[in-house]
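Engineer: Below are the sequence and a predicted model for it; my questions follow.
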Amino acid sequence: MNRIIEININEILADERGCSEMINHACCRSEALQVTGVCSNQSAIFVILESRPVDCPRLFYRLAPLSSPDKDEIAAAISSRYYSGFSTLGSFAVENQLWGLFARTSAEQ
């Protein structure tokens, strides 16, 4: 199964936690899904969901600011998130800042 969730970037800026919960809710509804990618244009992100294999743990997703567009800051921010238990699934630009979609196996965020 394939599902795409479109989220307006202005909605993310207004309520990043609520938009994160929308993704989490979509992943645990009737069929177990997981995020497999993120695409974006100037006004929205598109979160791609696919069926989650039975043996894969459930992940919890979080939209959050990542860093400035500076390449050294991007790498440092991704590493910092990794050591805090988050995998970086993708990013999108909002003005002069990068935002990311992150995942972890624990619901604590």
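Structural biologist: That came through fine.
Engineer: so where's this protein uncertain?
Structural biologist: Confidence mapping of the chain against pLDDT under 70 gives the ranges 30, 107-109.
Engineer: hey, where'd the helices end up in it?
Structural biologist: Remark: helices of the chain, listed N- to C-terminal, are 9-14, 16-28, 71-83; assignment by DSSP state H.
Engineer: distance between the first one and the chain's centre?
Structural biologist: Centroid separation for helix 9-14 versus its chain: 13 Å, with CA atoms, centre = their mean, to the nearest Å.
Engineer: same question, stretch 33-50
Structural biologist: Centroid displacement of stretch 33-50 relative to its chain, using CA atoms, centre = their mean, is 8 Å.
Engineer: ok, now stretch 100-109?
Structural biologist: Here stretch 100-109 is found 8 Å from its chain centre; the criterion is CA atoms, centre = their mean.
Engineer: Give me the contacts around it.
Structural biologist: 20, 23, 35, 38, 45, 47, 57-66, 77-78, 81, 85-92 (CB atoms under 8 Å, 6 or more residues apart in numbering). All C-beta spots, glycine's among them, are computed from the backbone N, C-alpha and C.
Engineer: List buried residues within these.
Structural biologist: The neighbour-count test (16 or more other CB atoms under 10 Å) marks 20, 23, 35, 38, 45, 47, 59-64, 66, 77-78, 81, 86, 88-92 as buried among those.
Engineer: on that earlier part again, make JSON lines from the helices of the chain and add distance to residue 102 to it.
Structural biologist: Converted to JSON lines, the helices of the chain look like this (distance: least, CB to CB, whole Å):
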{"stretch": "helix 9-14", "distance to residue 102": "13"}
{"stretch": "helix 16-28", "distance to residue 102": "9"}
{"stretch": "helix 71-83", "distance to residue 102": "6"}
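Engineer: circling back to that earlier point, from the buried ones among the contacts of stretch 100-109, which land in strands?
Structural biologist: The strands, defined by DSSP state E, take in 35, 38, 45, 47, 60-64, 66, 88-92 from those.
Engineer: of all the residues you listed, which two lie farthest apart?
Structural biologist: For these, the maximum inter-member distance is 19.3 Å, found between 60 and 92 (CB to CB).
Engineer: For residue 6, see how far away the residue nearest to residue 85 when sequence neighbours are not counted is.
Structural biologist: Spatial nearest neighbour of residue 85, excluding adjacent residues (CB to CB, 6 or more residues apart in numbering): residue 104 at 4.9 Å. Summarising the geometry, the distance separating residue 104 from residue 6, computed by CB to CB, to the nearest Å, is 24 Å.
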